[in-house]
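Q: sequence unknown, structure follows:
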Ligand code: EPU
C-alpha cells in the first residue's frame, strides 16, 4: 500500500481532498467502486503540481474529468483519483481557449452565443473539454481534430508543460496518441472558430434533412446547434438524470472499419442472415466504416435489450448505448457488453471494439 501521508501534501498543493469516495457518482454510467483518495484540482497550476507530486511519489493515479467515457470496475481504484476541475474559458474573434476541466458543451454554447461557428455539430456531447482531443470526439460530420489549433500538455515523464500542434497527436477516428496512455495530461485546449458565425458545412445527411438544407451548406451556428441537440435528445445522447436511457457512456462501441476483403465476407454474412438489405456503410481510412448500431440491432439485440426489468439494458432509443437503469454494477454492464459483442461476432464475423476506457475491469 502506498503512503497516505501524501494527503497532507495534496492539500498543501491546493487540492480539495476527499477519502473513500464512491466513484459511480463521478461517471455518466454511474458504476464503479470507491477511490481511496480523490484530489480535486480547481486550477491548472494546482493540477500540474498535484500530478507532478503523485508521479514523483510513484502513486497510482487515475485522471478523471467528465467521466463520460469511462467504465470503472466495482472494486474501484486503490490510488489517487485526480479530478480535473480547472474552468477558465477565453473567447477571441477566431479562437477559443478552454481549460481541460470545463464541461465541453459549455464551451460550444459560449462559442455559439458569441455568434461564432465551427463547433455547433459537437453540441450536447457529455464530458470535459480536455477529453475531446484524447479520443478525437466527433459527431454529425465534424471531429474536434479538424478545429484544433493546439493542446497544452503536461508531459508526465519529464514533468514539463508544452503546447503541441494537432499534427503531433496522431488523431484518428475516436483515437489519438493520448488515448490509452498516461504519458501526457491535457491541461488546456485551443480551437479555431469561424468569425462569420456560420457552421461547418453540413456533412451528415440526417442533420441536413432535419434543417431542411442541402448537404454542404453553412447555416448560422445557433440554428445548427438547436437541430443537433434535438437529434441527440431523440437518441438519448444528451444527459438527463431523469432518463435512464442517458445513463451511458454514449456509443459503447466504435463503428468498425473493415478492409475490402472483410467487407465482402461481412456483406455475405449479412445477406445470408437478412436477405437483400441496404447496409449502411461509409468510406473511411483503411476501408469501409460500418454502423455498429445497425449490426447490433440486426444481430438480434434490439433497442431496450434484454428487456424491461433488466438492470443493464441497451438504450430504448439507440442500440449502441449501453445503459444503467439505476442499480447496475460495472459487472452487469460488462456482461451485457460481452453478450452483444459475442452475438455480433457470431452473426456477422465483425469484432466490435469498446469506445470507453476501462479502469480496473475489462471486456
Ligand atoms: N442504427 C440502427 N439502430 C440504432 C442506431 C443506429 O440501426 O439503434 C443505424 C442506422 O442505420 C443509422 C446508423 O446506424 O442510420 C447511424 O446511426 P447514428 O446516426 O445514430 O450514428 P452512430 O454511427 O450510431 C455516431 C457516433 C456518435 C455520434 C453520431 C452522430 C460513433 C461510435 N458514434 O453514432 O458518437 O453522436 O454518430 O454523428 O462513432 C459517441 O461517440 O459516444 C457518440 C455518441
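A: Alright, I've got the coordinates. In this text, all values refer to a predicted model and were calculated from it rather than measured experimentally.
Q: alpha carbons only for contacts and neighbour counts from here, please
A: OK.
Q: chain center to stretch 327-338: distance?
A: Counting by C-alpha atoms, centre = their mean, to the nearest Å, stretch 327-338 is centred 19 Å from the centre of its parent chain.
Q: Repeat that for stretch 12-21.
A: Averaging C-alpha positions (C-alpha atoms, centre = their mean) puts stretch 12-21 26 Å from its chain's average.
Q: and what of stretch 111-125?
A: For stretch 111-125, the distance to the chain centre is 17 Å (C-alpha atoms, centre = their mean).
Q: Over to stretch 209-217?
A: On C-alpha atoms, centre = their mean, the centre of stretch 209-217 falls 26 Å from the chain's centre.
Q: same deal with stretch 314-331?
A: Distance, centroid of stretch 314-331 to centroid of chain: 16 Å (C-alpha atoms, centre = their mean).
Q: now that stretch: mean pLDDT?
A: Over the span of stretch 314-331, the pLDDT mean works out to 98.
Q: in that stretch, what's buried?
A: 314-325, 328-331 (16 or more other C-alpha atoms under 10 Å).
Q: ok, now stretch 2-18?
A: For stretch 2-18, burial by neighbour count (16+ other C-alpha under 10 Å) applies to 6, 7, 10, 13, 14, 15, 16, 17.
Q: quick one: the fourth one and residue 48 touch, right?
A: By that I understand residue 13. No - between residue 13 and residue 48 there is no contact, the gap being 9.5 Å when judged by C-alpha atoms under 8 Å.
Q: Need phi/psi at the residue nearest the centre of the chain.
A: Taking C-alpha atoms, centre = their mean, the centroid of the chain lies closest to residue 69, which sits 4.4 Å from it. Dihedral pair for residue 69: phi -130, psi 40, per degrees, to the nearest 10.
Q: Please report the distance of it from residue 234.
A: Distance, residue 69 to residue 234, by C-alpha to C-alpha, to the nearest Å: 20 Å.
Q: What about the buried residues of stretch 2-18, which are in helices?
A: Residues of the buried residues of stretch 2-18 located in helices (DSSP state H): 6, 7, 10.
Q: Chain neighbours aside, what residue packs nearest to the second one?
A: Closest residue to residue 7 in three dimensions, ignoring its sequence neighbours and counting by C-alpha to C-alpha, 6 or more residues apart in numbering: residue 17, at 7.3 Å.
Q: Just list whatever residues bridge to the one you found.
A: residue 39 (DSSP bridges).
Q: Let me see the contact set for it.
A: By C-alpha atoms under 8 Å, 6 or more residues apart in numbering, residue 17 lies in contact with 7, 10, 11, 37, 38, 39, 40.
Q: repeat for residue 79
A: With C-alpha under 8 Å, 6+ apart, residue 79 has these contacts: 2, 35, 36, 37, 59, 60, 61, 62.
Q: can you do 6 Å?
A: 36, 60, 61 (C-alpha atoms under 6 Å, 6 or more residues apart in numbering).
Q: From those residues, list the buried ones, please.
A: For the contacts of residue 79, buried by 16+ other C-alpha under 10 Å: 36, 61.
Q: Let me have the contacts of residue 79 in JSON lines, extended by pLDDT, distance to residue 81 and secondary structure.
A: Shown next, in JSON lines, are these (pLDDT from 0 to 100; distance: C-alpha to C-alpha, whole Å; DSSP: H, G, I helix; E, B strand; the rest coil):
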{"residue": "36", "pLDDT": "95", "distance to residue 81": "8", "secondary structure": "strand"}
{"residue": "60", "pLDDT": "96", "distance to residue 81": "9", "secondary structure": "coil"}
{"residue": "61", "pLDDT": "97", "distance to residue 81": "6", "secondary structure": "strand"}
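Q: Save the contacts of residue 79 as a markdown table, and put in distance to the ligand too.
A: Rendered in a markdown table, the data for these read as follows (distance: C-alpha to the nearest ligand atom, whole Å):
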| residue | distance to the ligand |
| --- | --- |
| 36 | 29 |
| 60 | 27 |
| 61 | 25 |
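Q: Distance to residue 221 for the contacts of residue 79 - can I get that in JSON lines?
A: Below are the contacts of residue 79 laid out as JSON lines (distance: C-alpha to C-alpha, whole Å):
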{"residue": "36", "distance to residue 221": "44"}
{"residue": "60", "distance to residue 221": "42"}
{"residue": "61", "distance to residue 221": "39"}
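Q: still on that earlier bit, looking at the buried residues of stretch 314-331, which are in helices?
A: Going by DSSP H, the helices hold 330, 331 from these.
Q: Get me the contact residues on the protein for the ligand.
A: Applying C-alpha under 6 Å from any ligand atom, we find that the chain lies next to the ligand at 139-140, 250-251, 253-255, 280, 291, 293-294, 297, 303, 318-320.
Q: Would you mind checking those residues for buried ones?
A: Buried among the residues of the chain next to the ligand by 16+ other C-alpha under 10 Å: 139-140, 250-251, 253-255, 291, 293-294, 297, 303, 318-320.
Q: Can you classify residue 307 by secondary structure?
A: Secondary structure assignment for residue 307 (DSSP: H, G, I helix; E, B strand; the rest coil): coil.
Q: Which residue, neighbours along the chain excluded, lies closest to it?
A: By the measure of C-alpha to C-alpha, 6+ apart, the closest residue to residue 307 outside its immediate chain neighbours is residue 313, 6.9 Å from it.
Q: The one you found contacts residue 301, correct?
A: No - here residue 313 does not reach residue 301: they are 9.9 Å apart, not a contact under C-alpha atoms under 6 Å.
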